[in-house]
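> I'll drop the sequence and a predicted model, then ask my questions.
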Amino acid sequence: MKLCDLLARPATALAVAVAAAAACGNATAEQKPVYLDNSAPLEQRVEDALRRMTTEEKVAVIHAQSKFSSPGVRRLGIPELWTSDGPHGVRPDVFWDDWNQAGATNDSCVAFPALTALAATWNPSLALEYGNAIGEEARYRNKHVLLGPGVNIYRTPLNGRNFEYMGEDPYLASVLVVPYVKGVQSNGVAACVKHYALNNNELNRHTSNVSVDERALREIYLPAFKAAVDSGAWTIMGAYNLSGNEHLCHNHRFLMDILKGEWGFDGAVISDWGGVHDTDQAIRNGMDLEMGSWTNGLTSGLSNAYDNYYLAYPYLRLIKEGKVGTDELDDKVRRVLRTMFRSSMNPDGGYGSMLTPGHYATARRIGAESIVLLKNDGGILPLDPAAGKKILVVGENAIKMQTIGGGSSQLKVQREVSPLDGIRAAAGTNTVAYARGYKSEVLPPQDGMTPPQDITDNRSEAELAAEAVRMAADADVVIFVGGLNKNPGQDCEDADRTTLSLPYGQDSLIAEIARVNPNVVMVNVSGNAVAMPWLKEVPAVMQAWYLGSEAGNSMADVLFGAVNPSGKLPFTFPARLEDTPAAFYGEKAYPGIKREDEKIFDIDYTEGLLVGYRWYDTRKIRPLFPFGYGLSYTTFAYGPLKASAKEMSADGTITLTLPVTNTGSRSGAETVQLYISDRKASVARPAKELKGFSKVTLAPGETKDVTFTVDASALSFYDPATSSWVAEPGAFTATAAPSSGAKGQSVTFTLR
Ligand code: BGC
């Protein structure tokens, strides 16, 4: 008997209906079974479908039938469930059994900026626009579950996957994940929030056993997941790592107690690909849909091992032998059915759309709004398109496609505008020359994808550098487009970086170029903080991220002033790796200590709550650039911050207001950040914590009041003794500031 019936994929809702009608005999529209009736309440549909399913059919829907799909129930006209990466664009179709792209001709996508970039916009309405656009692309491609967004907290700048996440602060990530999820799901596509939880490094990701104290777990690592669940995320992905010696894909505490118990999550937990390791644990500990397992090593080949998955025959056998009951099975199937009715069988999601001008416009706007201006001495930026100057662009990142590589978020794009092309298109009367300056290793095809460009260069590193320096001496302005890339060991899944420094000799090259040309603009492309030993030598630095299809246009929009930069850093740039909390506490904090007789690495999050700016502020360590930092081509002045009252009751609110004025000569947007400090607490608390932000657009000379309403939740800490949030009476200081490192405007009030 085969569990996974390879049914023909119903292409349309009509095909599904026809199959269902056939399955149900002479069913007419009037006699439609409840589970096929879209107007019936969801739970009735679920129960109706469940009672019609055989045990074999139930077991079949809780594990994969191909690399990215699980079977539906053909007999009942329930279609297959198709998942797809990823957070930044809809992944190309792959072969049935392996990771290699299948070479289809209708699966190119628009690549949206990486989620780090979205976080740098500090703009929830852009997160909604992003989610909606990518949801439309997924829907059009008939993908029912989009494997994203990722909200793992940025704990160390070495994590190869930070670029896929939303930064170091739980509040920022929570505010942005909600509209992203809503946008995706408004298309009848399930968001799959990942990787739940404590998956904060790639190195040893399958064998890291994380210990974290309860307050840090609740206050730092879980809030964004909880916010996504509270806002109605339909699926969540279990992570590869372990905590409490149990893999997160079948971790009783995280899945059963917290997610499904405390938070009341009614959707499906989907495993990360190959994250399930044990049938018994998967049955009991909350795994609902097993994907990507390497059962007996068979799926590394082309043979179909899906029936051997932990939640396939091994589970069915236990049931048939009477060794386990079917309560857990029914619960899993209910969750999968809910997901199906919400997505693959949801007619309200429309047809979706892909590659539309609107999607490109969204990608470009988010890209431009995410760019963070870190330094702009002498107002060297924006460049004047009518200046008739000689611009030299240097750097491999000016030409290299960044949508290829990086792991599962890799995309096959319809187009990707390189920074060089974007600059050329916007340069006006300026001339633009190019020198590569440095080169990275040329990679073999990634998952069967060869970049449509060949950037092989056989010149030596010295020759490349010498050419760039020579040409720089003759240019009016040098735009150096460098940083990291998506090669293994850089910003890439399955490995971490080993250093904070830029690779490929860029540090010395930038310094050399700065010696021959005073007008160097450094554009750093990365999803992680990097060291900048040359910072003092260059007048301008722009943090650009992996910006997707419109990367070059978004960058040029900011470089030439069509867009006034308004991005703010979603994570701290430390001055040195040693300053980061994970490095400060040594090996036990990162990358963990290997157990003698096992493969497990024990990682202890020794820094507790002091992640990101909480660490630098509390320990008074000066970062290179603080969290929340970002300049504009205009300037803003903050007026005094006033509280609506001196005191607040535990169930009340307080309103904090300040005027912000654009004191420069350009229109611009400023993200005002609200930090709260507990003046005296019975427990250790970070020096301050982000509890609000507001992005305000101001014309030159214009003033607007920015208002925050604060309640006790902004003043609370998690009390493990009572498993509750506690706001202790006493004094609190609220600070409205342009970054976590700025003094800003403060006011103190009392909680009664
Ligand atoms: C990654 C997931 C991804 C999955 C499917 C895994 O290796 O960790 O984020 O969604 O593969 O591609």
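Yep, it's here.
> which non-adjacent residue is nearest residue 241?
For residue 241, ignoring the flanking residues on the chain, the nearest one in space by Cβ to Cβ, 6 or more residues apart in numbering is residue 208 at 4.5 Å. For every residue, glycine as well, the C-beta is placed using N, CA and C.
> Give me the neighbour count for residue 51.
Number of residues near residue 51 (other Cβ atoms under 10 Å) recorded here: 10.
> which helices and strands does the host helix or strand of it pack with?
Taking DSSP states H and E as the definition, one finds residue 51 inside helix 42-52. For helix 42-52, the helices and strands in contact under the criterion 3 or more Cβ pairs under 8 Å, 6 or more residues apart in numbering; DSSP states H and E are helix 327-342.
> what phi and what psi does the backbone show at the residue nearest the centre of the chain?
Taking Cα atoms, centre = their mean, the centroid of the chain lies closest to residue 165, which sits 2.9 Å from it. With angles defined as degrees, to the nearest 10, residue 165 sits at phi -110, psi -180.
> That one and residue 115 touch, don't they?
Yes: with the criterion set as Cβ atoms under 8 Å, residue 165 and residue 115 qualify as a contacting pair; they are 5.9 Å apart.
> got any residues that touch both of the two?
Overlap between the contact sets of residue 165 and residue 115, as judged by Cβ atoms under 8 Å, 6 or more residues apart in numbering, is given by residue 150.
> sorry, back to before: beta partners of the residue nearest to residue 241?
Bridge pairing for residue 208 (DSSP bridges) gives the partners residue 601.
> so who does it touch?
With contacts defined as Cβ under 8 Å, 6+ apart, residue 208 is in contact with 201, 241, 242, 591, 592, 600, 601, 603.
> In PyMOL, how would I select just the buried ones from the residues you listed?
The command below creates a PyMOL selection of those among the contacts of residue 208 that count as buried (16 or more other Cβ atoms under 10 Å):
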select buried, resi 201+241+242+591+592+600+601+603
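> what about residue 256, neighbour count?
Considering only other Cβ under 10 Å, residue 256 is surrounded by 16 other residues.
> scratch that, residue 610 is what I was asking about
When counting by other Cβ under 10 Å, one arrives at 21 neighbours for residue 610.
> does it count as helix, strand or coil?
coil (DSSP: H, G, I helix; E, B strand; the rest coil).
> Validate this expectation: residue 386 resides in a helix.
No: the secondary structure assignment for residue 386 gives coil rather than a helix, going by three-state DSSP.
> Is it in contact with residue 427, as I believe?
No: assessed by Cβ under 8 Å, residue 386 is found out of contact with residue 427, at 10.1 Å.
> and the stretch 301-450 of the chain, which residues reach the ligand?
residue 408 (Cβ under 6 Å from any ligand atom).
> Next one: whichever residue of the stretch 301-450 of the chain sits closest to the ligand from residue 504, what distance?
Of all residues in the stretch 301-450 of the chain, residue 408 sits closest to the ligand, at 3.5 Å by Cβ to the nearest ligand atom. The gap separating residue 408 from residue 504 is 25 Å, by Cβ to Cβ, to the nearest Å.
> ditto for residue 62
Computed with Cβ to Cβ, the distance linking residue 62 and residue 504 is 46 Å.
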